[in-house]
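**Q** With the sequence up front, the predicted model follows.
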Amino acid sequence: MGERIRSTGHGSASSCERRQSLRERRKRHMHLAILAVMVVLGILFVLPFIWMVIVTFEGQANIIPPVPPKYYIENPSLFNLKIVTENGQLLTSYINSFFVAVCSVALNLFSVLMGGYALSKGRFRGKGVILMVILSTMMIPFETRMIPMFTMFNAVGAINTFWPIILPTVVDGFGVLMAQQYYDELPGELRESAAIDGAGEARTFFGIYLPIAGPLVSTLAILTFLTSWNNFLWPLVVLTRQELRTIPLFISSFSMENSMRYMGTTMAVAFMAIIPVMIVYLFLQKYIIQSVATSGIKG
């Protein structure tokens, strides 16, 4: 009888081990399948960029467009890059885009961080209503606001200046929401301790909460910079002078000459335009994940 019980117990243990081993193998196979899908998707996303680089350095791309795409260079040359950079207009567009992007980032961070802090730690009536009004701006398409914005800036003589592009970045519903949720995760005792020490709200914000919001600041700076750098429609409406063109407008105007679209030079100017974006993102990309994880936003 005792031997039968021991045999049954040993069989149950072996059965449990087999089931656990089977679950582990299934989990491992699932991870491998997910990894394979991610690798394939990554390759599909990278291929257009690789093709753009190849066309940029293909000497005869303007004469013989490499279509269908070829992922090798037959005639290596810097000819397309020389054409793009020879007249200095690309440098002017670089300076314009950098000025607009830096100013947009500075104003956006100033307003968004302070607004998020006030809505998170502040105690006043109507806080929920204010947050809803700010978030409601995210549901209004830009195209419906474009004509009123143009009329307003034209009335004050701001057309053909950079202010119509910079000032709208001050109000950012997504940024305010992200900042508020980030500050919600920080302990309110920090504010109470600062108040006991005699610190006002400005000193509490700039001296305590702002220094520990590095991931949030980096994430908002990256997103605002990318949005400003890639903005095309609104600058196309408010900037008509050639010397004020930003990078997207320069790409659009440069790619069409004499009613013909030259693939080599178009890809070359696009390649030059994304270099700053790649540099900024590669250096600061880790802060996006860190900030989202800290703020508690679930995607």
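**A** It's in. Numbers count the residues shown, from 1 in each chain.

**Q** what about the chain, any weak spots by pLDDT?
**A** In the predicted model, the chain carries pLDDT under 70 at residues 1-14, 62-63, 65-67, 254-261, 287-299.

**Q** domains for it, by residue range?
**A** Following the assignment in automatic domain parsing, the chain carries domains at 1-56, 80-295.

**Q** Make a markdown table from these and add distance to residue 73 and mean neighbour count to it.
**A** Backbone N, C-alpha and C define where each C-beta goes, glycine included. Formatted as a markdown table, the domains of the chain follow (distance: least, CB to CB, whole Å; neighbours: other CB atoms under 10 Å):
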| stretch | distance to residue 73 | mean neighbour count |
| --- | --- | --- |
| domain 1-56 | 6 | 11 |
| domain 80-295 | 12 | 16 |
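
**Q** Compare those domains and report which one is nearest to residue 74.
**A** domain 1-56 (9.5 Å; CB to CB).

**Q** next one: that closest one to chain centre, how far?
**A** Centroid separation for domain 1-56 versus its chain: 33 Å, with CA atoms, centre = their mean, to the nearest Å.

**Q** Equivalent analysis for stretch 82-94, please.
**A** That offset, for stretch 82-94, works out to 26 Å (CA atoms, centre = their mean).

**Q** that older thread, looking at the domains of the chain, spot the one closest to residue 70.
**A** The minimum distance between residue 70 and those falls on domain 1-56, with 7.1 Å, by CB to CB.

**Q** Columns distance to residue 70 on top of the domains of the chain, output as JSON lines?
**A** Formatted as JSON lines, those follow (distance: least, CB to CB, whole Å):
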{"stretch": "domain 1-56", "distance to residue 70": "7"}
{"stretch": "domain 80-295", "distance to residue 70": "12"}
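
**Q** how far away is the residue nearest to the spatial centre of the chain from residue 97?
**A** Residue closest to the average C-alpha location in the chain (CA atoms, centre = their mean): residue 223, at 3.6 Å. Residue 223 is 16 Å from residue 97, where distance means CB to CB, to the nearest Å.

**Q** related to what we said a few turns ago, among the domains of the chain, which comes closest to residue 71?
**A** domain 1-56 (6.3 Å).

**Q** Can you give me the end-to-end span of stretch 70-83?
**A** The first residue of stretch 70-83 is 22 Å away from its last residue (CA to CA, to the nearest Å).

**Q** For it, buried residues please.
**A** Across stretch 70-83, burial judged by 16 or more other CB atoms under 10 Å covers 73, 79-81, 83.

**Q** got those residues as CSV, with secondary structure and distance to residue 16 columns?
**A** Shown next, in CSV, are those (DSSP: H, G, I helix; E, B strand; the rest coil; distance: CB to CB, whole Å):
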residue, secondary structure, distance to residue 16
73, coil, 59
79, helix, 69
80, helix, 66
81, helix, 65
83, helix, 71
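
**Q** possible to save the residues you listed as JSON lines with distance to residue 242?
**A** Listed next are those as JSON lines, based on distance: CB to CB, whole Å:
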{"residue": "73", "distance to residue 242": "33"}
{"residue": "79", "distance to residue 242": "24"}
{"residue": "80", "distance to residue 242": "21"}
{"residue": "81", "distance to residue 242": "21"}
{"residue": "83", "distance to residue 242": "18"}
